[in-house]
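Undergrad: for reference, the sequence and a predicted model appear below.
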Amino acid sequence: MNFTTITSTHNPLLARIDTLYRVAFTGATPSRHAIVQSLNANERSAKEKGLVIVRHIYVRSGDHEATILVSTYTDPMVAENVERASLIKKQTPAETKAEA
């Protein structure tokens with residue numbers, strides 16, 4: 001996957017950075033977990049320091065590109081208070097869900 005940063009906004013009130021990316025991929029639309037893993041591999045400096053939440057994946061039908069909105073929290077406790085539990089649950093891989 002190839003990522004291109006469109007915009008990045010620092011939100012100090014919520015202790016997060018909202019970033020809009022354009023991602024090119026082959027095959028099916030990547031899962032949220034695959035996007036987070038690829039972001040961690042590509043941009044270790046900012047992404048390893050906090051919890052990464054993929055908020056939206058916008059895909060046009062037939063395109064092999066998507067626009068994704070990613071929020072990176074510096075404090076996981078803030079993320080748990082701000083984000084919906086269902087959205088945080090979507091970020092976990094399938095193996096972890098089966099164990100729980």
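TA: In hand now; what should we look at?
Undergrad: okay, CA-based contacts and neighbour counts for the rest of this
TA: Fine.
Undergrad: any stretches of the chain with poor pLDDT?
TA: 43-50, 93-100 (pLDDT under 70).
Undergrad: now the helices for it?
TA: 32-42, 44-47, 76-82, 85-90, 94-99 (DSSP state H).
Undergrad: so which of the ones you listed is nearest residue 9?
TA: helix 44-47 (13.2 Å; C-alpha to C-alpha).
Undergrad: that older thread, nearest to residue 57, of the helices of the chain?
TA: Using C-alpha to C-alpha as the criterion, the shortest distance between residue 57 and those is 8.3 Å, found for helix 32-42.
Undergrad: how far does that closest one sit from its chain's centre?
TA: Taking the mean of its C-alpha atoms, helix 32-42 sits 7 Å from the chain's own mean (C-alpha atoms, centre = their mean, to the nearest Å).
Undergrad: nearest residue to the residue most central in space within the chain in space, please, no chain neighbours.
TA: Taking C-alpha atoms, centre = their mean, the centroid of the chain lies closest to residue 54, which sits 2.8 Å from it. Nearest non-adjacent residue to residue 54, counting by C-alpha to C-alpha, 6 or more residues apart in numbering: residue 70, 4.5 Å away.
Undergrad: enumerate every residue touching that neighbour.
TA: The contact partners of residue 70, taken as C-alpha atoms under 8 Å, 6 or more residues apart in numbering, are 18-21, 52-56.
Undergrad: top of those residues by neighbour count?
TA: Neighbours were tallied for each of the contacts of residue 70 (criterion: other C-alpha atoms under 10 Å), and the maximum of 27 neighbours falls on residue 52.
Undergrad: which residue is the nearest non-sequential neighbour of it?
TA: Leaving out its chain neighbours, the residue that sits closest to residue 52 by C-alpha to C-alpha, 6+ apart is residue 72, at 4.5 Å.
Undergrad: and for the one you found, the neighbour number?
TA: Residues within reach of residue 72, counting by other C-alpha under 10 Å, total 22.
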